[in-house]
Every structure is written in C-alpha cells, then in structure tokens.
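Trainee: From the sequence below, what's the structure:
(2 chains)
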Amino acid sequence: MTSKTRLAAALGLLARGSGALLIAFGLAGCVPDARLKIPLNDVPAVLDDGWLVATPASQGFDAAKLKESYDLFFSEDDFVTARSLLVVRNGYLVAEGYCRDLDDIGTKRAIQSATKSVTSLLVGIAIDQGILDSVGRTLYSIVPDKFGAGADEARRAITLRDLLTMKSGLDFSNDDFTLEMAYDVRGDGTAHILRKPLVHEPGTYYNYQDCDPHLVGAALERLAGASLEEFAVTNLFGKIGISDFIWLRQRDGTTYGAYGLYLAPRNLARLGKLVVQRGLWDGEQVVSSAWIDTSTAKQTDMDPESAGHGFDYGFYWWRVPELGAFTAYGHGGQYVLVAPAKQLVIVMTAEPDTNGDAAEIGLPSFVDLARIVIEAAGP
Amino acid sequence: MPAAADVPASPRETAPPVVPDGGARSANRIALALGALHMALRDDIIGPLKWDGPGAAMDFAYWRRSPVSCQGVELDLPLGLLTNRYGHRAGALGLRAGYAYLRRTAWSGGRASTFLGGSFGRNSDLQLYLDWDEEHLYWITTYDLAGVIQHEVRLAKGHGFEITLAVPMVSLVSRPPRSRYYKVDDFKNPGFYLSKPQENMSVAVFGELLSLDASLSYAFALKGSWAFWAKYGFQYRRYPEPETIRMSSSTFSLRVTHDF
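Mentor: Presented below is the predicted three-dimensional model:
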C-alpha cells in the first residue's frame, strides 16, 4: 500500500468517524451554564445598623411601578454586572435588592470613581473648618515642594477649582494612571503627576483624569495634617456611621483621591442620605449646605459624548438635569443618585471590574433605571 | 496530559507498523502535533457562566520504547479564545508537561497490546479576563500522579488504533483565592504568570479533584520511518475549592512522528 492510498484510506475512515467526533466535541456540554442572578428580593432587611426601614407606599411610592425597576434590575438580559439596588426616601430605606448574592449587603466593594464625590465632600468640610479658604486657591500655595524648581508659571497657577472640574491641563491619561501610580512610581506620586506635560492652560479644557482628584487629595492631606482617610474618618465617616471601609493609598502614602474606596451598599447610601439632607445628619451639619449646593451645581461642561447625553458636571458630581438629579459615578456601575426635590436616593453597585466597556452599566443605562424609580416616586 | 499514546515503531522496516506487533526491538520517537480544540469552563469564583470557544493546540513529545515498556515526555500548549453568553471575552492558556512510564501487560498478544503505568505531570490552565484597564488572572494548576492505561490494536500493516485513559490519583492543586483579583499585572512581568499559579498548593486525592484525560488515535505509516496520526483527545477537570471550577476540552489533532 502506498502512502497516497494509505492517506486516502485514513481520510475515508475519518469521514466515517466524523459523526462520532461531533458527539465527542459535544462533551463540552458537561460544563453547564447557569442563571446569573438570584430570585428577586427587594424588601429591606431590618438590621441594627441605624437604617430606618419603611414600605414604599408609606413614603409615597407607587409600589407596582417601583417593582418594575427591580424586575428590570433582576433581569438576566439587562444590568448583567449589577449587584445591588437600594432606594432611600425621606431618610427611610424603602427598597433593597441584591441580584447576585444576598451577602452583598455586608460586602465592601470598590466604588471606583464614585470615590471622587467623597473627595468633593471632604473639600467642602475643609472649607467649612477654615483650613481651606476657597477653591480658588492655587495648588502651588499648598504644596510648593511638590513642584519642581523649574515649574513654570502656568503650572503654578493651577487652582483647586481647576482640579475639581477636571481642568488642570496636565496630560496624564487614565489609560496609564492607575497602573503607573500603582507599579511604576517609586518616589513622590504627587510630584510625579506635576511633572507631566501641561498641554492646556489650566481652567480652560475639561479632560476627565484621575490625576486631578489625586492632587486634590494631596492638597487636603497637607492642609489637614492627616491622611485623607484619617480626615474622612474624623469629619465624615465617623459622623454618619461608616466604620467599615478600605481606602487605598499610593506607594508614597497619599490616599487616592480619585478611587480606591471600598464600601458596602448601605454605607454608600449613607453618603447619598447625607447629601440629600444637604449635609445634615442627626441634627449635625456635617457638610455645609452651601457646599452641597455649590458642588452639585453645574460647574463645567463635559466632553461632547457626555454632554450629548445631557449630562454636565459639578465638583466631582455628574449632573442629570433631565431627572433633576446628580450622581456619583464609578466605573462598572457604581452610583449614588440624589434627587433633592423628591428627597430620593438611588444606590446601585455593580461588578467594579467589567469585561470590556461594553459590559459596564454606563450612566445612560443607569438613568433609564433611575427614571423608573423617580416616576414611581410620584409628583 | 502526557499522553502515553505514542507507540514507537521500528525504524528498520520500510513500512513500519505504527502499532507494533509485540515490541520486538527498542526505538525512539519524536512527535509534533497541531490541533484545533473546543474549550469550555466555568469558574464559580467569577460567576456561574460558562465560557467556551475555539482554540488551537501544539504538542511536542519524545518517547522511547523497549520490548516490555515505553516511557516518554510530552509538552502540550493549548490556547483558547472564550466568550460567555453575553459576549464577554477571555483567553485561556494551558501549559501541560509530563513524564509517563508504561509496562506491557500479560494480556497483550496477537494484534492487541495493553499497557499499564503511571505518569507525573504539571497541568496548568490560566484564564485571563480582559477588563477596561487591566486583566484578571484565574487558574487551576495541578501536579498529578496519575494511573494510565493504554490499549493498542493493529488493524493491518501500517494501520492501527490506540486508546488511552489517564486518571490522576493524587495531586497538588493551586487555585486563586475566592475574591476577585484586582489589577494583578499589566503583562509587564511574564514571571508573574508562572509564579502566581503555583501558590497555595493543597493535596487532593481522586474524587476531590475529578479529572480524566482520554484519547483515541488512528495511525498509519508514511514513507520510511515517518508516520501520521489523527487523534481525538478529551480532558475534563472539576475541583470544588475555593469555588467549583469545571473545565473540558476536546481536541482534534494531526501528528507527525519520526522514529530513529
């Protein structure tokens, strides 16, 4: 038998055996797929954690309409990476659902860039306490040692307002920031940021970058004489009942002002409750109402894509004029939406790390869900 | 797995039997295989979703056979591109290397031979889930002591079938911690991907680690001391810690061997 005839015989045998091979490939089915989400739950648990629980109807909700939002939230086809949805009205927790794991009620997860809104609150507290006179103060006047000897005038003119509106003019892409700061920067991280090229005159060009709130954090640490985390514990978290959290620091010890805060959903809701109450918590003005109003008012236009969706920006708060609301927003789908006119807070958390941006619960998707909740809240 | 499937043929025959007729003489064999595969896995650390998709595999082997035994080493490098039902993507990379030693049993004779033996191998399967600015690494790595049985049937001169089954009995297993990995690396340190999947080894016996590696091969001799093989291989692994991982792969490969 020649090689050719052997090959022909072999191919014939393989052809006859192809059916068996298809069956064999089908053995991959022994790895089963399954539902992603658990059965719908939306009734808040009564725990000894300071939260007052009420029924939706008692707080003016159309309960059936509100349930529509939870039906959507628990859908297998929508909000795929979501984990929790909480609704607070008039200070009461009226709905609370965990679509992946009931244990999420006590699980801290990264709130990603929603951390920036906490940094914003801390700026307000610093102003309230008089350790910061105004957001018009230059960064150079606070941390001159972080600027190199040859720092140009334009760079020295960067103000906290510029940083709070993402207009430092520095060029430090978010594509690089996280890993560069976490792995590459061995020395002073703040000085490292300030060595980046200044590509726009400060205050003139909106560019959403993590480096700006990191500089705000560094400035607050210098002003307070404490880490941002310590300042938050003393002046914010400790006053509103948040004791269980993680806040990451850069290698040089500076707390990340842009992200790095890990909170459980109910603690995230405490921040929303504080803001919807215009800084008041159990009779104490934790943050001035003036700062709440200022920081959540429109301070700048955004990039064309965000503006195209009807959003604009306060001091690290995303504004949704269509809903009469503003929200903290962290990558993946971490939201604390506040609708002051309705005394309403909506908290959503999701997988903090998404598999491609297509999997992120973006702000437009969240707004669609929030709209249902707000409509359920009635006039 | 270090498939003990490669059965040396005599290099002295112009049309050597791929499946030998009793192993009358010693021989060495080297082999190179390329294949297409379908891989599926579900790691409950990440979620209850199945990730599956196509891939490719490359396999190198060296075997030596005496009249009563055969032994060899093999390196298998599978690569898969996986998606879940939402279209999210992941990459899977395997590194499987091992040594096997088999003895010809007394049940052998005529056109059929049966071998029994054992193997020791490292089976590491990495999954990389690509996120917006980072990747997450998950894995199952095992060092297995496995029992191996192999049965060969010689159909005609230069043609034959071979079936092999290997089942790990005792293993060292490494799995990631239960929590999701966060910004583990940025492909900047290749050593990370070798060292990380070796951490927190624990002992598992058959049943805790449920694993098998099976193959069915058809072989025929080419000119001289060359031979051609068509092989279907199936691998399944299931391990419950810290959350259950299940994975399977089906590979159809074409292999060329050379005896010397």
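Trainee: got a list of what A:P202 touches?
Mentor: A:A154, A:R155, A:A157, A:I158, A:T159, A:D162, A:K167, A:S168, A:G169 (Cβ atoms under 8 Å, 6 or more residues apart in numbering or on different chains). C-beta: built from backbone N, CA, C; applies to glycine.
Trainee: The fifth one bridge partners, please.
Mentor: It stands for A:T159. A:T138 (DSSP bridges).
Trainee: Is it correct that it is in contact with A:G203?
Mentor: Yes. With contacts counted by Cβ atoms under 8 Å, A:T159 reaches A:G203, the gap being 7.0 Å.
Trainee: Which one's more surrounded, these two?
Mentor: Neighbour tally, A:T159 and A:G203, criterion other Cβ atoms under 10 Å in any protein chain shown: the higher count belongs to A:T159, 20 against 17.
Trainee: now the strands: where do they sit in the chain?
Mentor: Using chain A. Ranges of strands in chain A, per DSSP state E, are A:52-53, A:82-89, A:92-98, A:109-110, A:246-247, A:261-263, A:280-281, A:284-285, A:312-313, A:318-320, A:325-330, A:334-339, A:344-350.
Trainee: actually it's chain B I care about, not the one you picked
Mentor: According to DSSP E, chain B carries its strands in the segments B:27-43, B:51-65, B:69-83, B:89-104, B:112-130, B:135-156, B:159-174, B:202-205, B:210-221, B:226-239, B:245-259.
Trainee: Please produce TSV containing those strands, extended by mean pLDDT, distance to chain A and mean neighbour count.
Mentor: Shown next, in TSV, are these (pLDDT from 0 to 100; distance: least, Cβ to the nearest Cβ, whole Å; neighbours: other Cβ atoms under 10 Å in any protein chain shown):
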stretch	mean pLDDT	distance to chain A	mean neighbour count
strand B:27-43	94	4	20
strand B:51-65	94	6	19
strand B:69-83	94	10	19
strand B:89-104	93	7	20
strand B:112-130	90	6	20
strand B:135-156	90	7	20
strand B:159-174	94	7	20
strand B:202-205	96	19	14
strand B:210-221	92	5	22
strand B:226-239	93	6	21
strand B:245-259	93	5	21
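Trainee: right, so of those strands, which gets closest to A:L132?
Mentor: With Cβ to Cβ as the measure, strand B:135-156 is the member of the strands of chain B nearest A:L132 (38.7 Å).
Trainee: ok and that closest one relative to strand B:69-83, angle-wise?
Mentor: Going by axes from the mean of the first three to the mean of the last three Cα atoms, to 10 degrees, strand B:135-156 is angled at 130 degrees with respect to strand B:69-83.
Trainee: Send me strand B:135-156 as CSV with only the CA atoms.
Mentor: Provided in CSV are the C-alpha atoms of strand B:135-156 (Å, rounded to 0.1, in the frame of the first residue of the first chain):
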residue,chain,number,x,y,z
GLU,B,135,-6.5,41.8,33.2
HIS,B,136,-7.6,39.3,35.8
LEU,B,137,-5.8,36.0,36.2
TYR,B,138,-7.5,32.9,37.4
TRP,B,139,-6.2,29.4,37.2
ILE,B,140,-6.1,25.8,38.1
THR,B,141,-2.7,24.2,38.4
THR,B,142,-2.2,20.6,39.3
TYR,B,143,0.8,18.3,39.8
ASP,B,144,-0.7,14.9,39.2
LEU,B,145,0.4,11.4,39.9
ALA,B,146,-1.9,9.5,37.5
GLY,B,147,-2.7,6.0,36.6
VAL,B,148,-2.6,5.3,32.9
ILE,B,149,-4.0,2.5,30.7
GLN,B,150,-3.4,2.2,27.0
HIS,B,151,-4.7,-0.3,24.6
GLU,B,152,-3.4,-0.7,21.0
VAL,B,153,-4.9,-2.6,18.2
ARG,B,154,-3.0,-3.2,15.0
LEU,B,155,-5.6,-3.4,12.1
ALA,B,156,-3.2,-4.1,9.2
